[in-house]
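Engineer: here is my input, please return the structure:
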Amino acid sequence: MLAPVEVDVLLSAASLIEIAIKNAAGKLSMPEEETSLAVQELRVEILAFEPAHAFAMFSLPMHHRDPFDRMILATAIAEKLPIVTGDRMFRRYSGVKILW
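Structural biologist: Predicted coordinates:
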């Protein structure tokens, strides 16, 4: 039997901001308390959006116009992290491993 593998699950701070905005706009029902609880229960670590991530955005082609998605892409590229997403547009970017 294989030993269990520990996996870090990271959530971009950009995603957290997008959840907050969509909640406020009524496009998503995920209030702060529920979001915070989900982050804790799922043991998700929030990955800060750093200056290096912002600078990585300069080299991103404009395949995707959504600023939050671009922030997520730049973070993944800068940190060499895979992305879990159903957004097919993400696959147009080289240097990003898409898991879903």
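
Engineer: residue nearest the centroid of this protein?
Structural biologist: In the chain, the centroid-proximal residue (Cα atoms, centre = their mean) is residue 12; its distance is 4.1 Å.

Engineer: do a quick rundown of the strands in this structure.
Structural biologist: Assigned by DSSP state E, the strands in the chain fall at 9-12, 44-47.

Engineer: which parts of the last one are buried?
Structural biologist: This points to strand 44-47. Neighbour counts using 16 or more other Cβ atoms under 10 Å place residue 47 of strand 44-47 among the buried residues. The C-beta positions use only the backbone N, C-alpha and C, and glycine is treated the same way.

Engineer: now stretch 67-74
Structural biologist: Within stretch 67-74, the residues scored as buried using 16+ other Cβ under 10 Å are 68-74.

Engineer: what mean pLDDT does that stretch have?
Structural biologist: Mean pLDDT, stretch 67-74: 96.

Engineer: what's in contact with that stretch?
Structural biologist: Contacts to stretch 67-74, defined as Cβ atoms under 8 Å, 6 or more residues apart in numbering, come from residues 12, 14-15, 17-18, 49, 53-54, 56-57, 60, 64, 83, 85, 87, 89-90, 93, 96.
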